[in-house]
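S.K.: can you look at this prediction? I've put the sequence above it.
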Amino acid sequence: MLHAVLSAAAEGGEASPSPIIPAWYDIIWSSVCFVIILVFFWRYVLPRMQKLLDERAEAIEGNIAKADEAQRKAEAALEEYTAQLADARAEAGNIRESAREDGKRIVAEAKNAAQAEAARVTASAQAQIEAERQAALVSLRSEVGTLAIDLASGVIGESLSDDAKATAVVDRFLADLEASEAAAGGKK
Amino acid sequence: MFVVARVPLDAPKQETALLAHALNLLVPMSTDDEFHGPSVTEFFPGPLFLEGTPFEVNRIMLVRFVAVAALLLVFWLGTRRMSVVPGRFQSLVEMGLDLVRVNIADDLLGKKDGKRFLPLLMTIFFMILFMNLTGVVPFLNIAGTSVIGVPLVLAVVAYVAFIYAGIKKSPAGFFKNSLFPAGVPWVLYLIVTPIEFISTFVLRPITLTLRLLMNMMVGHILLVLFFAATQFFVVQLGGWYTALGVGTLAFGLAFTVFEILVAVLQAYIFALLTAVYIQLAVAEEH
């Protein structure tokens, strides 16, 4: 190597260059490289990186906002459900209440109807009894009259077949009977 | 040989370089079997196009163009169709962007200033990262940052950026905070002020430049050394020396992995220090 350096020095007629003395072309090309890279980073890479960082931050913020929104909606829904539940409870209470009243009313109506029916049945029964008593009275009167005439005819030996007379006699007898009954009743 | 010795090296790596130097001396010197170790001329390959003009292009400049192209491609593909829910590739690109955006810009400068200086910090980090990584990419095999141009330009950019940030914030406050730190008796300013001036306005860009440059130069020299030694032991000497060659190859592979770490670390340190300088410049009080 010494030989090589010596021969190079002999050829060039100068010592080998010092590594800390810059050559012009070295400085110039270094500066060119620097400027190219600086412009590249300044104008291309860093704006893109900044944009990406902004987008990322935005995405994160967006997600947070979305989560907030979801939370808010869930809370609103919960509130709504709670309100609906309360409404439903109140309504159920009302329905129960009105049902109870209806029940009472129905029971009362049924009681009234039953009483009325009972009264009606009683009344009609009494009317029928009365009618039968009248019928019995009428038939009794005629039969009692016939029997009495027959009995009296037998007793007095006289025919009382004359209807007009017989009837008059019977009626008088009955009238007397009724008068005596009335007198007895009045006495009582 | 003397050239090897002149190459500035980091302390931890110096041993290895010295070892190589020693190996160089031990190896029998014949014109055919000579060990071709790395030299500083590695970083000054012959011109390819536009020779002699200020736009001369050599192999390392081409490597830088490849790195820039790769960077543009990766970030164009990674950010072309960004979706809110990222895919695998987009996640990876976003992870890289977030490293600078969150861990460097926002953490040190706060949201507002972090956003202002983000393009600059991104450019510094990824330009250095991609140009560092070319050092371990097969067929490129040299870091674009191992020639002083890129470290120097970026250091100047960082320098201008923090001075601009300070002056924009408050010109008087910036120079007062930088040169006359609060809480120091005024007599001591005779000593403190020159020290502060040199450390803030002179040493910062120099350290930024040299830290990156030397790391990448030494990394390259180490890798070349290991692989050149492997080639020398296995092909040129052969026989029992092959065993040594296996050892050097293993070291070469290990240091390749190490160089990837260094590539990321140096890019991170450069961007981080730039952010720290800006942060110190815009701070109200130190």
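M.R.: The structure has been received and is ready for your questions.
S.K.: quick one: the longest helix that chain A contains near chain B?
M.R.: In chain A, with assignment by DSSP state H, the single longest helix is helix A:46-156. Yes: if you take Cβ under 8 Å from any Cβ of the partner chain as the test, helix A:46-156 does meet chain B, through A:46, A:48, A:49, A:51, A:52, A:55, A:56, A:59. Any C-beta I mention is one placed from the backbone N, CA and C, and that applies to glycine too.
S.K.: check which helices and strands that helix sits against.
M.R.: Under the contact criterion of 3 or more Cβ pairs under 8 Å, 6 or more residues apart in numbering or on different chains; DSSP states H and E, helix A:46-156 touches helix A:163-187, helix B:59-80, helix B:88-98, helix B:107-133.
S.K.: of those, flag the one that's most buried.
M.R.: helix B:107-133 (a mean of 22; mean count of other Cβ atoms under 10 Å in any protein chain shown).
S.K.: how far does whichever helix or strand comes after that one sit from the chain's center?
M.R.: Using DSSP states H and E, the helix or strand that follows helix B:107-133 towards the C-terminus is helix B:149-169. In terms of Cα atoms, centre = their mean, to the nearest Å, the centre of helix B:149-169 is set 16 Å apart from its chain centre.
S.K.: and the residue of the stretch 101-250 of chain B closest to chain A?
M.R.: residue B:149 (3.3 Å; Cβ to the nearest Cβ).
S.K.: could you report the neighbour count for that residue?
M.R.: When neighbours are counted by other Cβ atoms under 10 Å in any protein chain shown, residue B:149 registers 25.
S.K.: and if you look at residue B:169?
M.R.: 16.
S.K.: surely it meets residue B:282?
M.R.: Yes: counting by Cβ atoms under 8 Å, residue B:169 touches residue B:282, with 4.8 Å between them.
S.K.: how much space between the most centrally placed residue in chain B and residue B:155?
M.R.: When chain B is reduced to its mean C-alpha position, the nearest residue by Cα atoms, centre = their mean turns out to be residue B:212, at 3.2 Å. In this view, residue B:212 and residue B:155 are 8 Å apart by Cβ to Cβ, to the nearest Å.
S.K.: repeat that for residue B:148.
M.R.: Here residue B:148 is placed at a distance of 10 Å from residue B:155 (Cβ to Cβ).
S.K.: and for those two, which residues touch both?
M.R.: residue B:209 (Cβ atoms under 8 Å, 6 or more residues apart in numbering or on different chains).
S.K.: where in the chain is pLDDT low?
M.R.: I went with chain A, as the question did not name one. By pLDDT under 70, the weakly predicted segments of chain A are A:1-15, A:155, A:157-162, A:185-188.
S.K.: can you look at chain B instead?
M.R.: B:1-33, B:285-286.
S.K.: apply 90 and report the result again.
M.R.: In the predicted model, chain B carries pLDDT under 90 at residues B:1-54, B:78-88, B:169-188, B:235-241, B:283-286.
S.K.: contacting residues around the residue of the stretch 101-250 of chain B closest to chain A?
M.R.: Residue B:149 neighbours (Cβ under 8 Å, 6+ apart): A:22, A:23, A:26, A:27, A:29, A:30.
S.K.: change it to 7 Å
M.R.: By Cβ atoms under 7 Å, 6 or more residues apart in numbering or on different chains, the contact list for residue B:149 reads A:22, A:26, A:27, A:29, A:30.
S.K.: looking at those, which is nearest residue B:207?
M.R.: Here the nearest of the contacts of residue B:149 to residue B:207, counting by Cβ to Cβ, is residue A:22; it sits at 16.5 Å.
S.K.: SS state for the closest one?
M.R.: The three-state label for residue A:22, taken from DSSP: H, G, I helix; E, B strand; the rest coil, comes out as coil.
S.K.: now swap in residue B:53 and tell me
M.R.: coil.
S.K.: point me to the helix or strand that includes the nearest residue in space to it that is not next to it in sequence.
M.R.: Spatial nearest neighbour of residue B:53, excluding adjacent residues (Cβ to Cβ, 6 or more residues apart in numbering or on different chains): residue A:25 at 7.5 Å. Taking DSSP H and E as the criterion, residue A:25 maps to helix A:24-39.
S.K.: ok, back up a step: how about the helices and strands packed on helix A:46-156 in a markdown table, adding distance to residue A:153?
M.R.: Below are those laid out as a markdown table (distance: least, Cβ to Cβ, whole Å):
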| stretch | distance to residue A:153 |
| --- | --- |
| helix A:163-187 | 9 |
| helix B:59-80 | 151 |
| helix B:88-98 | 147 |
| helix B:107-133 | 150 |
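S.K.: which strands and helices sit next to whichever strand or helix holds residue B:279?
M.R.: Using DSSP H and E, residue B:279 falls within helix B:241-282. Judged by 3 or more Cβ pairs under 7 Å, 6 or more residues apart in numbering or on different chains; DSSP states H and E, helix B:241-282 is in contact with helix B:107-133, helix B:149-169, helix B:204-231.
S.K.: that helix versus helix B:149-169: what angle between them?
M.R.: 20 degrees (axes from the mean of the first three to the mean of the last three Cα atoms, to 10 degrees).
S.K.: so how far is helix B:241-282 off the chain centroid?
M.R.: 8 Å.
S.K.: swap in stretch A:112-131?
M.R.: 45 Å.
S.K.: and it, C-alpha only, in PDB?
M.R.: What follows is stretch A:112-131, C-alpha atoms only, in PDB (Å, rounded to 0.1, in the frame of the first residue of the first chain):
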ATOM      1  CA  ASN A 112    -132.000  -5.900  43.100                       C
ATOM      2  CA  ALA A 113    -133.200  -8.000  40.200                       C
ATOM      3  CA  ALA A 114    -133.500 -11.000  42.500                       C
ATOM      4  CA  GLN A 115    -135.400  -9.000  45.000                       C
ATOM      5  CA  ALA A 116    -137.700  -7.600  42.300                       C
ATOM      6  CA  GLU A 117    -138.200 -11.100  40.900                       C
ATOM      7  CA  ALA A 118    -138.900 -12.500  44.300                       C
ATOM      8  CA  ALA A 119    -141.400  -9.700  44.900                       C
ATOM      9  CA  ARG A 120    -143.000 -10.400  41.500                       C
ATOM     10  CA  VAL A 121    -143.200 -14.100  42.200                       C
ATOM     11  CA  THR A 122    -144.700 -13.500  45.600                       C
ATOM     12  CA  ALA A 123    -147.200 -11.000  44.200                       C
ATOM     13  CA  SER A 124    -148.300 -13.400  41.400                       C
ATOM     14  CA  ALA A 125    -148.500 -16.200  43.800                       C
ATOM     15  CA  GLN A 126    -150.700 -14.200  46.100                       C
ATOM     16  CA  ALA A 127    -152.900 -13.200  43.100                       C
ATOM     17  CA  GLN A 128    -153.200 -16.800  42.100                       C
ATOM     18  CA  ILE A 129    -154.100 -17.800  45.600                       C
ATOM     19  CA  GLU A 130    -156.600 -15.100  45.800                       C
ATOM     20  CA  ALA A 131    -158.100 -16.100  42.400                       C
END
